[in-house]
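A.B. asks: sharing a model prediction with you, sequence too.
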Amino acid sequence: MTIVRDRLAAIRGVEPADVERAAEVNYARLFHKRKDIPGAVAYALKGNIYINVTRACTNNCAFCLRNRRDNFFYGYNLNLAVDPTAGEMVEAATALAREGRHGEIVFCGYGEPTCRAADVLEAARALKSLGLPLRLDTNGHGNMINRRDIVPELAGVFAGVSISLNAHDRASYARLCRPDAGEKAFDAVLDFIRRAAASRMACAVTVLDCPGVDVEACRALVSSIPRARFRVRTFYKE
């Protein structure tokens, strides 16, 4: 079994303990009908701490798993009945940080964290005292959502930002990401990328290698933006 566990971990790019946790929780849910697994405000995965900020989003991506009834991820229940407060995010991440060594703290979730920019910034400022690098995973709508340039504020606390692009032009973005703001959202994302790349933050722009995404066209677009690093993420249906 350890051979299977280790092979699955290598394929998925996670730790063996992550595969074990997922198997145990899935077994309990399937065979023992467990329904009392608490929601995770923060969780440890791939050697990092991830904060589950919100399920609210300004995109409705065709490939996103956000709208599933049960969002369990490597044994963690990521279904949020209510968004956590800044204090709850700090408390949950701090507890995990005390349990072991981690590479960084990542603000993410199935939704868009910058929908809650004030709470994210408050929590991030408090968590800086832990001495771990902080990263924000975002769809790049932050300035459009908050109707101002929030990049300088983010750069004051975050060491890095990872921005999901997944399309190389307006029409493709509207079709794949289905933003609330329509095609103009693509221009807002590119502007956010340029501002983030020009800041002190390390800026990664990501795309999923899923059907409909022109990875090479996205790569060419990102390569034209100074200091923006391009990364392809593996798409898993489940």
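C.D. replies: Noted; the coordinates are in hand.
A.B. asks: what distance do you get for the closest residue to Arg34 other than its chain neighbours to Asn77?
C.D. replies: Counting by C-beta to C-beta, 6 or more residues apart in numbering, Arg34 lies nearest to Ala28, which is 4.2 Å off, once chain neighbours are set aside. C-beta coordinates here come from the backbone N, C-alpha and C atoms, glycine included. According to C-beta to C-beta, to the nearest Å, Ala28 and Asn77 sit 11 Å apart.
A.B. asks: helix or strand right after the helix or strand the residue nearest to Arg34 falls within?
C.D. replies: Assigned by DSSP states H and E, Ala28 belongs to helix 16-31. Later in the chain than helix 16-31, the nearest helix or strand by DSSP H and E is strand 42-45.
A.B. asks: mind listing what's buried along whatever helix or strand comes next after that following strand?
C.D. replies: Once strand 42-45 ends, the next helix or strand along the chain (criterion: DSSP H and E) is strand 48-52. Across strand 48-52, burial judged by 16 or more other C-beta atoms under 10 Å covers 48-52.
A.B. asks: same thing with stretch 175-184?
C.D. replies: Buried, per 16+ other C-beta under 10 Å, within stretch 175-184: 176-177, 179.
A.B. asks: next SSE downstream of the helix or strand encompassing Ala92?
C.D. replies: Assessed by DSSP H and E, Ala92 sits inside helix 86-99. Next in sequence after helix 86-99, counting helices and strands by DSSP H and E, comes strand 105-108.
A.B. asks: quick one: residues contacting Phe63.
C.D. replies: Counting by C-beta atoms under 8 Å, 6 or more residues apart in numbering, Phe63 makes contact with 166, 176, 208, 210, 235.
A.B. asks: select only the buried ones of those residues in ChimeraX?
C.D. replies: Of the contacts of Phe63, the buried ones go into a single ChimeraX selection, burial set by 16+ other C-beta under 10 Å:
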select :166,176,208,210
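A.B. asks: centre of the chain versus stretch 215-235, how much separation?
C.D. replies: 17 Å (C-alpha atoms, centre = their mean, to the nearest Å).
A.B. asks: cool, and stretch 141-148?
C.D. replies: Centroid separation between stretch 141-148 and its chain, computed with C-alpha atoms, centre = their mean, is 18 Å.
A.B. asks: try stretch 28-45
C.D. replies: With C-alpha atoms, centre = their mean, you get 20 Å for stretch 28-45.
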